[in-house]
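Q: Sequence first, then the predicted structure:
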Amino acid sequence: MKATYSNCIKACQQCSVACQECLAAMAGKESNTDCPLCCELCMDSCLVAVKFMAADNEFAIDYCKACMDVCAWCAEQCMKHDERHCRECAEFCLRSIEQCRKVVLEGDMV
């Protein structure tokens with residue numbers, strides 16, 4: 001497994017947990033954004049990216065690119081809320097984007 005995958009896997013796992021917590025906290029509440037839908041999809045996106053990186057699969061970079069897009073959408077939606085769980089979710093989404101970007105950039109150099 002590539003060294004950059006390790007940090008990205010950790011960031012994506014943490015993001016997935018934060019999304020799960022946000023999703024649970026938002027259950028049954030009204031939202032004027034795509035939260036909690038974004039959290040559900042972001043959680044899934046992060047987990048799939050982790051699976052492909054852990055397997056050192058040739059498609060890991062593609063999944064990291066998709067994960068970055070979904071995390072960006074989720075961060076944007078969650079930042080519109082004042083709740084602590086939404087703010088934390090957005091923060092972990094941004095960390096995941098940062099680490100996925102490193103994986104993608106490294107992959108583009110190969």
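A: Right, received. Where do you want to start? Numbering: from 1, shown residues only.
Q: any residues touching the helix or strand where residue 25 lies, and which ones?
A: Using DSSP states H and E, residue 25 maps to helix 3-26. By C-beta atoms under 8 Å, 6 or more residues apart in numbering, the residues outside helix 3-26 that reach it are 35-36, 39-40, 42-43, 46-47, 49-50, 53-54, 56, 60, 64, 67, 71, 74, 78, 83, 85-86, 88-89, 91-93, 95-96, 98-100, 102-103, 106. Quick note: C-beta positions are derived from backbone N, CA and C, even for glycine.
Q: Go again with 6 Å.
A: For helix 3-26, contacts defined as C-beta atoms under 6 Å, 6 or more residues apart in numbering pick out 36, 39-40, 42-43, 46-47, 49-50, 53, 85-86, 88-89, 92-93, 95-96, 99-100, 102-103, 106.
Q: Same check on stretch 51-64?
A: Contacts made with stretch 51-64 from outside it, assessed by C-beta under 6 Å, 6+ apart, are listed as 1, 5, 9, 48-49, 100, 103-104, 107.
Q: Just the ones in helices from those residues, please.
A: Applying DSSP state H to the contacts of stretch 51-64, the entries found in helices are 5, 9, 48-49, 100, 103-104, 107.
Q: Three-state assignment for residue 88, please.
A: helix (DSSP: H, G, I helix; E, B strand; the rest coil).
Q: For it, give me its contacts.
A: Counting by C-beta under 6 Å, 6+ apart, residue 88 touches residue 18.
Q: again, but for residue 35
A: Taking C-beta under 6 Å, 6+ apart, we find residue 35 in contact with 77-78.
Q: gap between it and residue 13?
A: Using C-beta to C-beta, to the nearest Å, residue 35 is found at 20 Å from residue 13.
Q: same thing with residue 56?
A: With C-beta to C-beta as the criterion, residue 56 and residue 13 are 17 Å apart.
Q: between those two, who's got more neighbours?
A: residue 13 (16 against 10; other C-beta atoms under 10 Å).
Q: mind checking the end-to-end distance for stretch 45-63?
A: One end of stretch 45-63 to the other measures 8 Å (C-alpha to C-alpha, to the nearest Å).
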